[in-house]
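Engineer: sequence and predicted structure, then a few things I'm wondering about:
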Amino acid sequence: MRVILVCDDKPRTRDRDDRGYGLPLITTDLESSTEDLVARYASRWGIEQALADARHIVGVGEARNRTRPAVERTVPFGKICFSVVTLWYALHGHAPDEVTSHRTRARWYTTKTEPSYDDMAVKLRRVIIAARFRSPCPEQASPQGTRAVLAAWAAAGT
């Protein structure tokens, strides 16, 4: 086994308190260079974070299923839902100024550079709620159409 201790060159606190190594990497790959191993780990970080978010935020893998087919469908379905929200946000929901807005509301969150999955899910919820209550349904008559029908009924009845 091989242990690589990765140290961030930025201090962790404002008073420049250096707390040692930030991340130990343990591997059985004894052939690759240290730089290659750290780069490989860094390239997987987004994938690992997505899986962790799917477990902790969406609840993938926590369903209480009893039958084999239900168990086999639950995790993939949860990951598909997670992916749909992420894709929707990337295609339709992303607004670059939202990170700045979030920093204004949460001043302690100074390192935020990209939206989290929670930000994406909250935005989708808000868009769904706004669409439900603000825009009229196409099958719903407009107030002018309703008045015209009522006037026609009144004219036909007299």
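Structural biologist: In hand now; what should we look at?
Engineer: count the residues that sit near the closest residue to T27 other than its chain neighbours.
Structural biologist: Once flanking residues are discounted, T27 sits nearest to R2: 5.2 Å by Cβ to Cβ, 6 or more residues apart in numbering. All C-beta spots, glycine's among them, are computed from the backbone N, C-alpha and C. By the criterion of other Cβ atoms under 10 Å, R2 has 13 neighbours.
Engineer: just to check, R2 is in contact with P24?
Structural biologist: No: the criterion here is Cβ atoms under 8 Å, and R2 misses it with P24 at 10.9 Å.
Engineer: helix, strand or coil for P24?
Structural biologist: What DSSP: H, G, I helix; E, B strand; the rest coil gives for P24 is strand.
Engineer: could you tell me which residues make contact with it?
Structural biologist: Contacts for P24 (Cβ atoms under 8 Å, 6 or more residues apart in numbering) come out as 3-6.
Engineer: quick check: phi and psi on the residue most central in space within the chain?
Structural biologist: Nearest residue to the geometric centre of the chain (Cα atoms, centre = their mean): Y117, 1.8 Å. Backbone torsions of Y117, given as degrees, to the nearest 10, read phi -60, psi -40.
Engineer: the closest residue to it other than its chain neighbours and S43, how far apart?
Structural biologist: Of all residues not flanking Y117 in the chain, D53 sits nearest, at 4.4 Å (Cβ to Cβ, 6+ apart). With distances taken as Cβ to Cβ, to the nearest Å, D53 is found 18 Å from S43.
Engineer: looking at these two, which is more packed in?
Structural biologist: D53 (18 against 9).
Engineer: and E98, how close does it get to V75?
Structural biologist: Relative to V75, and taking Cβ to Cβ, E98 is found at 30 Å.
Engineer: picking that back up, farthest pair in the contacts of P24?
Structural biologist: V3 and V6 (10.5 Å; Cβ to Cβ).
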